[in-house]
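Visitor: When you get a sec, could you give me coordinates for this:
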Amino acid sequence: MKGNDSRGYRDNLVSELSRVFPKADPRLFSAILKHPRESLFPSIPMDVLYGKERVGGFAGRPAPSVFEVSKILVESGVQRGDRVLLISPTDPYFLVILSELTLRISIFEENPGIAEELSIVLSELGLPHVKVVQDPSQLESVSEGKKIIHVNFLQKEHLLSDVYRKIPSGMLFCYVLGNGTTMERYGCF
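Guide: Here you go, the predicted model:
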């Protein structure tokens, strides 16, 4: 792909994703076509943004690649109206794409500085309906229904921390991104 043909990158990406995830919700592909990732990461080349590499997200945490974003959303099966809880999200693009699938999103972020940054970014993205929660005692009120836990570059033992134990039982998807392009999925627990 030459130059700055954003739509071409997105068209090629959706074509490849539809081959990899043939049963994916068509709204996922529509959201990718609708929202250019480069508007959120203007200094990163498009071949990186629409490739399999990770980019820097909130507070220096790595953001998943577009393929990882798609895999997480396909595997979790988010439907319109589902309540989704994200733990320590790193990627504004993930939030934008997720908001096309459901508007019932809550975020848990323990770090006050990152929580404040997230609130500002959500407002700028036109997603003021997304709640940012900092207190684990508030998790039960925001996590009824289906949930996703999206964890980046944490060790597996973090999954046993008190924060995760306080999440009500249900469908919990946990993704631990390793070095390079590895991503492990931990199913319902």
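Visitor: mind listing the strands in this structure by residue range?
Guide: Assigned by DSSP state E, the chain shows strands spanning 55-56, 62-63, 83-87, 104-108, 131-133, 149-151, 174-177, 183-186.
Visitor: Residues in contact with the fifth one: which ones?
Guide: Residues outside strand 131-133 that contact it (Cβ atoms under 8 Å, 6 or more residues apart in numbering): 105-109, 115, 118-119, 122, 139, 142. (Each C-beta comes from the backbone N, C-alpha and C, glycine too.)
Visitor: That one: partners in the sheet, and parallel or antiparallel?
Guide: With DSSP bridges as the test, strand 131-133 is paired with strand 104-108 (parallel).
Visitor: Same question for the third one.
Guide: Sheet partners assigned to strand 83-87 using DSSP bridges are listed as strand 104-108 (parallel).
Visitor: Using PDB, write out the CA atom coordinates for the partner strand.
Guide: This file holds the C-alpha atoms of strand 104-108, laid out as PDB (Å, rounded to 0.1, in the frame of the first residue of the first chain):
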ATOM      1  CA  ARG A 104     -23.000   0.000  27.900                       C
ATOM      2  CA  ILE A 105     -19.300   0.300  28.800                       C
ATOM      3  CA  SER A 106     -17.500   0.800  32.100                       C
ATOM      4  CA  ILE A 107     -13.800   1.100  32.800                       C
ATOM      5  CA  PHE A 108     -12.000   0.100  36.000                       C
END
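Visitor: buried sites along the longest helix anywhere in the chain?
Guide: If you go by DSSP state H, the chain has its longest helix at helix 6-20. Neighbour counts over helix 6-20 (16 or more other Cβ atoms under 10 Å) mark 6, 9-10, 13-14, 17 as buried.
Visitor: Any stretches of the protein with poor pLDDT?
Guide: 1-4, 139-189 (pLDDT under 70).
Visitor: Find the residue closest to Met46 in space, skipping its chain neighbours.
Guide: In space, Met46 comes closest to Tyr9 once its chain neighbours are excluded; the distance is 5.1 Å by Cβ to Cβ, 6 or more residues apart in numbering.
Visitor: Ser30: which of the buried residues of helix 6-20 is nearest?
Guide: Val14 (8.7 Å; Cβ to Cβ).
Visitor: contacting residues for the residue nearest to that closest one when sequence neighbours are not counted?
Guide: Nearest residue to Val14, sequence neighbours excluded (Cβ to Cβ, 6+ apart): Phe29, at 4.7 Å. Applying Cβ under 8 Å, 6+ apart to Phe29 gives the contacts 14, 17-18.
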